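>>> Sequence first, predicted coordinates after that:
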2 protein chains.
Amino acid sequence: MARPREFDVDSALCAALDVFWRQGFEGASLTDLTKAMGITRPSLYAAFGNKETLFRKALDRYYEVSMGFVREALAEPRLRGALEKLLYGYADAFTDATHPAGCLTTNGALACSEAAEPVRLELVTRREADEAALRARLAKARAAGELPPESDPAALAAYLMAIIQGMAVQAASGAGRDALYGIIATTLRAGVLGAVSVQTRIAKSRKAANRPLIGPKSTLRNVVM
Amino acid sequence: MARPREFDVDSALCAALDVFWRQGFEGASLTDLTKAMGITRPSLYAAFGNKETLFRKALDRYYEVSMGFVREALAEPRLRGALEKLLYGYADAFTDATHPAGCLTTNGALACSEAAEPVRLELVTRREADEAALRARLAKARAAGELPPESDPAALAAYLMAIIQGMAVQAASGAGRDALYGIIATTLRAGVLGAVSVQTRIAKSRKAANRPLIGPKSTLRNVVM
DNA sequence: GTCATTTTGTACCAATCGGTATGAAACTCA
DNA sequence: TGAGTTTCATACCGATTGGTACAAAATGAC
């Protein structure tokens, strides 16, 4: 009943996502966007509203596609597996050769002019939601006895998010996948997961001795936790 | 022999620094800058060259003033003291109420348009230099026996820089000083410094037993390192 | 006071910013 | 073959971008 559009909305959005990812919200001009998307300005505005709504749709797509692993990582039954999948998933996403380096959520608008403030706040909200999801997973792990009762899921989540965001910064600075893997290895060896693995060993010895999961604190655990 | 300038170059640069810190290089317009500095555009160009050279001078000042603690932190004789001063110093700088939140080096230009690419590369270089200095300090600590010989200063430096940059992201997102202190506490309790403190305890017991500093590895250290 | 020198404010530059008006082109339905 | 509807390309909008030309104003040297 009318003239059909000559471009694919999905692939155009995908192209816009990459431009925002590489240049940030303010650094991406409409000329950059339309050129990458292969469409004209009026087509962009008819299909996506304006620059800000286009960014929000690109952000949704980013979470669906590139951050899809997060949900399934957190759904892992054991905490150690969940955190490993989570951290390595982020490292892979931040250094995926088919996309710009780093993280859209940190690249998009860490600091910006007053005009882009709504976008910045949206990204802050997303980061907070990511941290909340991780916090919930850690709380669940503590309830399951995978973390000692005196551990603080909020503090651990903030710590892990800092490492993830730090990896995002380093990836945006040119760090390769190997460098990020090294950071994760250090984290897993000496950090929170040290406690987790110790806890796991304790749980195993408890199981072998047929003792309850929740019991007196181990001196070993006190050292690392 | 000529008309004297009516503004103080230093305080004007200080004002420009805060604008760049809050809005990033691209997000700070000349109108924003001149308004904050209290000078006109020709005065700015006469005194500072152009926008990019102004940013570089502001960046130098940032390192001199707000990052001055880094040098003295790394100069601490013991590694534990050095890293504590370093981490808490960054947390304080990122949440100093007299300046914008976060870190100029990450806020300035993580992702940007092609026009700002030289500035972005300058910031990448600065971050690399910061990491190199930390790496050198860790290598010195390993040579002094404060870290086990099999530890990797490069990996540890990348790990610590990730935490620092992650704190910068969270501060820019509105996290307060307490939140950053919590991240540091988690790092010190479970992370690299766990190894350091264990090592220190081992060294102390060695000293008490009048044994050499470098000896067989402790099983305790194997757990956390 | 006069000159040379530098800073100041104003007013401006071309280029680009995000966003649109307009009319031709392309489609479905009748 | 129209009528109706939507997308397309072009050309444009006012506002803002980084950057300057220019002349008045303010100084020290003579």
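Thanks, I have it.

>>> Show me what the helix or strand that contains A:E128 is packed against.
If you go by DSSP states H and E, A:E128 is part of helix A:117-143. On a contact count with 3 or more C-beta pairs under 8 Å, 6 or more residues apart in numbering or on different chains; DSSP states H and E, helix A:117-143 meets helix A:51-65, helix A:68-74, helix A:79-94, helix A:104-107, helix A:153-172. Where C-beta positions appear, they are placed from N, C-alpha and C, glycine not excepted.

>>> List the buried residues for it?
A:119-120, A:122-124, A:126-127, A:130-131, A:134-135, A:137-139, A:141-142 (16 or more other C-beta atoms under 10 Å in any protein chain shown).

>>> Let me know the closest of the residues you listed to chain B.
A:V124 (4.6 Å; C-beta to the nearest C-beta).

>>> Check the gap between that closest one and A:T105 for me.
According to C-beta to C-beta, to the nearest Å, A:V124 stands 9 Å off from A:T105.

>>> And for A:T95?
For A:T95, the distance to A:T105 - C-beta to C-beta - is 16 Å.

>>> Neighbour count: the two, which is higher?
Comparing A:T95 with A:T105 by other C-beta atoms under 10 Å in any protein chain shown, the one with more neighbours is A:T105, at 23 against 20.

>>> With adjacent residues omitted, what lies nearest to A:T95?
Setting aside the residues directly before and after it, A:T95 is nearest to A:R177 in space (C-beta to C-beta, 6 or more residues apart in numbering or on different chains), at 4.1 Å.

>>> For chain A, what lies in contact range of DNA strand D?
A:1-7, A:39-43, A:46-47, A:113 (C-beta under 7 Å from any atom of the strand).

>>> Out of the residues you listed, list just those in helices.
A:41-43, A:46-47 (DSSP state H).

>>> Which entries within the residues you listed meet the buried criterion?
A:43, A:47.

>>> Could you single out the nearest of the ones in helices among the residues of chain A next to DNA strand D to chain B?
So of those, ranked by how close each gets to chain B (C-beta to the nearest C-beta), first place is A:R41, at 17.8 Å.

>>> Which secondary structure element of chain A has the lowest mean pLDDT?
When the helices and strands of chain A are scored by mean pLDDT, DSSP states H and E, helix A:219-224 comes last with a mean of 26.

>>> For DNA strand D, give me its nearest residue in chain A.
Taking C-beta to the nearest atom of the strand as the measure, the point where chain A comes nearest DNA strand D is A:A2, at 2.8 Å.

>>> Now that residue. Its backbone dihedrals?
Per-residue torsions, A:A2: phi -160, psi 170 (degrees, to the nearest 10).

>>> Report pLDDT for it.
pLDDT recorded at A:A2 is 84.

>>> try the one 4 residues further on
At A:E6, the pLDDT value in this model is 90.

>>> Let me know the closest of the buried residues of helix A:117-143 to A:A172.
A:L123 (14.2 Å; C-beta to C-beta).

>>> pretty sure the closest one contacts A:C103?
No. Using C-beta atoms under 8 Å, A:L123 makes no contact with A:C103, being 9.9 Å away.

>>> ok now do the most centrally placed residue in chain A, which residues does it touch?
In chain A, the C-alpha nearest the mean C-alpha coordinate belongs to A:Y90, at 5.7 Å (C-alpha atoms, centre = their mean). Contact partners of A:Y90, counting by C-beta atoms under 8 Å, 6 or more residues apart in numbering or on different chains, are A:103, A:164, A:167-168.
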